[in-house]
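>>> predicted structure and sequence below. I'll ask about it afterward.
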Amino acid sequence: MLRVIKNLFIGWKGLPLAPAVGIVAVFAVVLLAISAPLLAPFDPHANLLEIGYKPPSRDHWLGTDQLGRDMLTLLIWGARTSLRVAFIGVSISMIIGIMLGVTSGYGSHVLDNLIMRFADIVLTFPTFFLLIVATSVLTIRDLTAIALIIGVIDWPQVGRIVRAEFLSIREQAYVDAAKALGASSLRIILRHILPNSLSPLFVAATLSLSRYILYEAAISFLGLGDPTAISWGTMIAKGQGAIRTAWWISTFPGCMIFITVLSLNLIGDTLRDRLDPRLSVGV
Amino acid sequence: MVGIGVKSLCVSCETRWTNKQRESMPFFEFIVRRTIYSIFVIVIISLLAFILLRAIPGSPIDYYKAINPLATEDIIKEMERKMGLDKPLHEQYLIWVGQLVRGDFGTSLSRPGQPVWDTVKDRMLNSLILALSANFLSILIAIPLGITAAVHRNSILDSSVRTLSLFGYSMPSFWLAILLIYIFAVKLGWFPTSRMFSIVGIYPTHAHKMLDLCRHMVLPVVVLGAIGAGSISRFVRSSMLEVLNEDYIRTARAKGLSELVVIYKHALRNSLRSVVTIIGLQIGHFFSSAAVTETVFAWPGIGREVVLSTITRDYPMVMAITLITGAIFILINFVVDVLYAVLDPRVKF
């Protein structure tokens, strides 16, 4: 895995500026999320109504929200929510996608047809639409449940990539060689085909992360997310009503979402352009 | 389902030849096959919708009990019989399907007595106005931008277009919406902040009403259009780049055709196929991402209705919308596939 990542990023003449900036920004957000309890200057759950709606000042660099909570603190904790949902979501869609994709690309023709037609049906609908309907029937709205739903709905994208890779790699000479040496199917899949199809998966995962962050924010914005979590989307929704008097409440969380998603897209797009020879024509 | 016959052949100058070829293609068979497939998918969706409807906690009876706390056991039994909830599940499903076929989606729970279909029809139209205008706007922005970027590849122009489109699809639409409301509605006062019409809904003529609608439409259409333009311009650029590398483009240039004709007649026409795919998908996305935009602008559309009826637990409404939008998405996919053949006669089904 590490070798694949290394190959994706290095091996060209230097790293261009755009993805480099993206990588630094993503690392910064991940760092914020991991060390939220240490970095955040205030208590994210404090309710001090008397200091509510305060504009950015020396004490509260980004101002305070309706309940008098420090915006900077909330933004740092929000990174945690956002990344948690995105990472769990990506892990789930990867696990389901890889398992079904492998079955489809290496298994029997009937199974392949069955799985791919099912994927077609799921892909008929925009993911976000399914997400709204699925979260609407949730009785327990917690972050893990939302991440789970995102992952379960979004697996066909991964499944298709894995299947396509398997269909082409299984015809390679080295797979025949492994078969001739008496390797079991499981060994061929795990040791020979899967490691060779990791690059497009890594790219897909990067782009999925950015999409899932947007999904989580939108779901929380609509009030369908975890009501107890500190989420950038919820903060924007709460700030909307106060936009006339307190612009900072919804502006800063939006900036955070934008920066995080933009950075992930910068990385993902650069990698995809390099992997896909058709898109990289003259780029 | 769609495979391409001849790879490197310009649609623009070979239309006559390919049209003849197409007559022999089983186009009719494709239509029939796709229709059967679509019906099959809709049946699956309806089954899933029905099972979900029954699986989730809270039934219409609970709702009835909540609004009529004095109802006796007998009255509740009677209601249950009236609503058909005492019959076995498969029978209930068939009755429900029977009603669906006759266009009866049941009555709303949050607006007692009002047929679901009336609300859905109304909201659907409002969303359609938004989605189509936004799609039109994003095509208007994206196609020229994408072509310019591809033609002047690696120039400053190209990188600015790419940066703009990256911004477009990285931006949370609801945030952009709030920023625009703050700037253009709150600070400058050019446009209204929300709703479809002014609260004082008295118009001397029909034209005044349309004008009011247009004023209310500007901001939501700009938000949806800008975000859509981000991904469409990227696709136009990459499919143009692909086409510009083809042999027939070199031939067209060698023939001495002007650059304008080469790009707009030959290259654009050939790259339209992949662009149509993304535009078709985009209409579907407008419907779903509109849920967010419509909520911000309090636009009485289908997306906002899903969210509202979700919060009020109006299940018949949620399920009707799921089914109808599902059917619309299937229809869009279908139309896109047929358009492939119209735009690119090389496509075989």
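Now that the structure is in, tell me what you want to look at.

>>> so which residues of chain B form helices?
Assigned by DSSP state H, chain B shows helices spanning B:15-23, B:27-55, B:60-67, B:73-83, B:89-101, B:116-151, B:156-170, B:173-180, B:206-244, B:247-254, B:259-261, B:268-297, B:302-311, B:315-343.

>>> now do the buried residues in the helix or strand hosting A:Thr81.
Element membership for A:Thr81, per DSSP states H and E: helix A:71-106. Buried residues in helix A:71-106, counting neighbours by 16 or more other CB atoms under 10 Å in any protein chain shown, are found at A:71-90, A:92-94, A:96-98, A:100-106. For glycine as for every other residue, the C-beta is placed from the backbone atoms N, C-alpha and C.

>>> Throw the helices of chain B into CSV and include distance to A:Gly241 and mean neighbour count, thanks.
Conversion of the helices of chain B to CSV gives the following (distance: least, CB to CB, whole Å; neighbours: other CB atoms under 10 Å in any protein chain shown):
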stretch, distance to A:Gly241, mean neighbour count
helix B:15-23, 57, 11
helix B:27-55, 32, 14
helix B:60-67, 29, 14
helix B:73-83, 38, 12
helix B:89-101, 39, 13
helix B:116-151, 23, 20
helix B:156-170, 25, 18
helix B:173-180, 10, 24
helix B:206-244, 17, 21
helix B:247-254, 54, 15
helix B:259-261, 52, 11
helix B:268-297, 11, 23
helix B:302-311, 16, 23
helix B:315-343, 25, 20
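
>>> for B:Thr295, give me its contacts.
Counting by CB atoms under 8 Å, 6 or more residues apart in numbering or on different chains, B:Thr295 touches A:Phe221, A:Leu222, B:Phe174, B:Gly303, B:Arg304, B:Val307.

>>> about what we covered before: so what secondary structure elements neighbour the helix holding A:Thr81?
Helix A:71-106 is packed against helix A:17-34, helix A:36-39, helix A:109-124, helix A:143-153, helix A:155-169, helix A:198-221, helix A:232-240, helix A:248-275, with contacts defined by 3 or more CB pairs under 8 Å, 6 or more residues apart in numbering or on different chains; DSSP states H and E.

>>> cutoff 6 Å now
Applying 3 or more CB pairs under 6 Å, 6 or more residues apart in numbering or on different chains; DSSP states H and E, one finds that helix A:71-106 contacts helix A:17-34, helix A:36-39, helix A:109-124, helix A:143-153, helix A:155-169, helix A:198-221.

>>> touching chain B at all, the fifth one?
No. Using CB under 6 Å from any CB of the partner chain, helix A:155-169 stays clear of chain B, with a minimum separation of 12.9 Å.

>>> next one: the longest one
Yes. Counting by CB under 6 Å from any CB, chain B has neighbours in helix A:198-221: A:Leu214, A:Ala217, A:Ala218, A:Phe221.

>>> most surrounded residue in those residues?
A:Ala217 (32 neighbours; other CB atoms under 10 Å in any protein chain shown).

>>> of all the residues in the stretch 101-250 of chain A, which ones are close to chain B?
Going by CB under 6 Å from any CB, the residues of the stretch 101-250 of chain A near chain B are A:121, A:124-126, A:128-129, A:132-133, A:136-137, A:214, A:217-218, A:221-222, A:236, A:240, A:243-244, A:250.

>>> mark which of the residues you listed are buried, thanks.
Members of those classed as buried by 16+ other CB under 10 Å are A:121, A:124-126, A:128-129, A:132-133, A:136-137, A:214, A:217-218, A:221-222, A:236, A:240, A:243, A:250.

>>> so for stretch B:340-349, mean pLDDT?
When pLDDT is averaged along stretch B:340-349, the result is 66.

>>> over to stretch A:147-158?
Averaged over stretch A:147-158, pLDDT sits at 91.

>>> got the buried residues for that stretch?
A:Ala147, A:Leu148, A:Ile149, A:Ile150, A:Gly151, A:Ile153, A:Asp154, A:Trp155, A:Pro156, A:Gln157, A:Val158.

>>> neighbours of B:His266, how many?
23.

>>> out of the residues of helix A:198-221 next to chain B, who's nearest B:Val292?
Minimum distance to B:Val292 across the residues of helix A:198-221 next to chain B is 5.2 Å, recorded for A:Ala218 (CB to CB).

>>> doesn't B:Val292 make contact with the closest one?
Yes. Counting by CB atoms under 6 Å, A:Ala218 does reach B:Val292; the two are 5.2 Å apart.

>>> low-confidence ranges in chain A?
A:1-15, A:276-283 (pLDDT under 70).

>>> next up, the contacts around the residue nearest the centre of chain B.
Geometric centre of chain B, nearest residue: B:Gly284, 2.6 Å, by CA atoms, centre = their mean. Neighbour list for B:Gly284: A:Pro126, B:Phe329, B:Ile332 [criterion: CB atoms under 6 Å, 6 or more residues apart in numbering or on different chains].

>>> in JSON lines, list those along with distance to B:Lys209.
Formatted as JSON lines, those follow (distance: CB to CB, whole Å):
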{"residue": "A:Pro126", "distance to B:Lys209": "32"}
{"residue": "B:Phe329", "distance to B:Lys209": "31"}
{"residue": "B:Ile332", "distance to B:Lys209": "30"}
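
>>> just the closest of the residues you listed to A:Leu271, please.
Closest to A:Leu271, out of all of the contacts of B:Gly284 and judged by CB to CB, is A:Pro126, at 24.5 Å.

>>> spit out the contact partners of the closest one.
A:Pro126 makes contacts with B:Gly284, B:His285, B:Ser288, as judged by CB under 6 Å, 6+ apart.

>>> and what of A:Leu38?
With CB under 6 Å, 6+ apart as the criterion, no residue contacts A:Leu38.
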